[in-house]
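> build me a model from this:
(chains A, B, C and D)
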Number of protein chains: 2
Amino acid sequence: MAEEMLDALDRAGVRLTGPRRKLAALIERREGHFTAADLLKDAGRRRMGIGRATVFRLLELLNEQGLVERIDLLDGTHAYIPCEPTHHHHLVCLNCGATTDVGDCGIEAVTREAARRSGFKIEQHRLELFGRCPDCRSRN
Amino acid sequence: MAEEMLDALDRAGVRLTGPRRKLAALIERREGHFTAADLLKDAGRRRMGIGRATVFRLLELLNEQGLVERIDLLDGTHAYIPCEPTHHHHLVCLNCGATTDVGDCGIEAVTREAARRSGFKIEQHRLELFGRCPDCRSRN
DNA sequence: GATTTATTGATACTCGGTATCATATGTGAT
DNA sequence: ATCACATATGATACCGAGTATCAATAAATC
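Next up, the predicted model:
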């Protein structure tokens, strides 16, 4: 469990410590997006004695490895979501918080058009999509 | 000066107070994106005696009226940019911080495709584009 | 100009995230 | 196995963005 994350950490050349293993497991059993505070609470509830800083440090590491991404919810709060380390975009369910990834859906064309209109040379983009996931749609 | 913002505030039915007029003028003379702290510093430098809370309150008001938008920079910090109150997306220059708006550049098609692939019903989206503005491109 | 009500600025607070630093622990060499 | 040492840890303190509170002030309306 949490193999993928631990492998990535190993590959990144950092130590596979107790706190990191435990946190990776906690992240894995989470569904949808979560905040650093959520994780910290998870750990606290299980008396894991894991420090605040450690949580943030691991999230940063995982983020560097592309296994977790920081997204900005519509209300301006930050959340983290586990994901594959390839370029993609996120879909966030406004009802239950579930997230999915989608690959390139033709956004290249959009950036090209924006570049043409503005004269900018576009180097990066960020696209977040918000809506209702299939489950929540069928559930009412 | 700052007519547009003051008009909008008036239309919104709030009072046209001294601090609001002064801040609107300060926002107007800003270029590119700015943080609440930037604005506060502007005001402080001119000994305007404007409180922290007032700055945040005005930014929130302007945001509600669509005259200012909060964007998330790549490094995770929040910034505000003045803009038109129609749906659009933002281009941010990674070099100088300048911003421009572009209207719909075909993103409808992208959201439709993402919806098809994921089963989500997409209700909102957020797209931010980062790159080099024409000035910075020609300047080297 | 008086009155009413929204707005203000000071202060204190919350919350996400970071810096510091002495202690603990994983790891690679022995 | 154990040693040595670099890395990671957790406690604590800190920072910066944003919000709540509240008595004092100033727009708007009459």
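> shaky segments in chain A?
A:1 (pLDDT under 70).
> look through it and tell me its longest strand.
strand A:121-132 (DSSP state E).
> DNA strand D contacts on chain A?
For chain A, the contact set with DNA strand D under CB under 7 Å from any atom of the strand comprises A:14-15, A:17-20, A:49-54, A:57-58, A:76. Heads up, the C-betas are built off the backbone N, CA and C, glycines and all.
> ok, the helix or strand hosting residue A:55 near chain B or not?
Assigned by DSSP states H and E, residue A:55 falls within helix A:52-64. No. Counting by CB under 8 Å from any CB of the partner chain, chain B is not contacted by helix A:52-64; separation bottoms out at 10.1 Å.
> next SSE after that helix?
Next along from helix A:52-64, by DSSP H and E: strand A:68-72.
> packing partners for that following strand?
helix A:52-64, strand A:78-82, strand A:89-93 (3 or more CB pairs under 8 Å, 6 or more residues apart in numbering or on different chains; DSSP states H and E).
> could you export the second one as CSV, CA atoms only?
These are the backbone C-alpha positions of strand A:78-82, laid out as CSV (Å, rounded to 0.1, in the frame of the first residue of the first chain):
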residue,chain,number,x,y,z
HIS,A,78,-5.7,25.3,-1.2
ALA,A,79,-6.1,21.6,-1.4
TYR,A,80,-4.0,18.7,-2.4
ILE,A,81,-4.9,15.8,-4.7
PRO,A,82,-3.0,12.6,-5.4
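> buried sites along it?
A:79-82 (16 or more other CB atoms under 10 Å in any protein chain shown).
> which one of those is nearest to residue A:99?
Nearest to residue A:99 out of these is residue A:81 (CB to CB; 4.7 Å).
> ok, what's across the strand from the residue nearest the centre of chain A?
Residue closest to the mean C-alpha point of chain A, counted by CA atoms, centre = their mean, is residue A:81 at 2.3 Å. Counting by DSSP bridges, residue A:81 forms beta bridges with residue A:69.
> I'd guessed it sits against residue A:33; true?
Yes. Under the criterion of CB atoms under 8 Å, residue A:81 makes contact with residue A:33 at 4.6 Å.
> now distance to DNA strand C too, for the buried residues of strand A:78-82, in TSV please.
What follows is the buried residues of strand A:78-82, written out as TSV (distance: CB to the nearest atom of the strand, whole Å):
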residue	distance to DNA strand C
A:79	8
A:80	8
A:81	13
A:82	15
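> may I have stretch A:32-41 as CSV, with CA atoms only?
Coordinates of the C-alpha atoms in stretch A:32-41 are reproduced here as CSV (Å, rounded to 0.1, in the frame of the first residue of the first chain):
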residue,chain,number,x,y,z
GLY,A,32,-11.0,13.4,-3.3
HIS,A,33,-9.0,16.5,-2.3
PHE,A,34,-7.8,17.1,1.1
THR,A,35,-6.0,19.9,3.0
ALA,A,36,-2.8,19.7,5.0
ALA,A,37,-5.0,20.2,8.0
ASP,A,38,-7.1,17.1,7.1
LEU,A,39,-4.0,14.9,6.9
LEU,A,40,-2.7,16.3,10.1
LYS,A,41,-6.0,15.5,11.8
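> that stretch near DNA strand C at all?
Yes. Applying CB under 7 Å from any atom of the strand, one finds stretch A:32-41 in contact with DNA strand C at A:35-37.
> secondary structure, distance to chain B and neighbour count added to the residues you listed, as JSON lines?
Shown next, in JSON lines, are the residues of stretch A:32-41 next to DNA strand C (DSSP: H, G, I helix; E, B strand; the rest coil; distance: CB to the nearest CB, whole Å; neighbours: other CB atoms under 10 Å in any protein chain shown):
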{"residue": "A:35", "secondary structure": "coil", "distance to chain B": "13", "neighbour count": "14"}
{"residue": "A:36", "secondary structure": "helix", "distance to chain B": "12", "neighbour count": "16"}
{"residue": "A:37", "secondary structure": "helix", "distance to chain B": "16", "neighbour count": "10"}
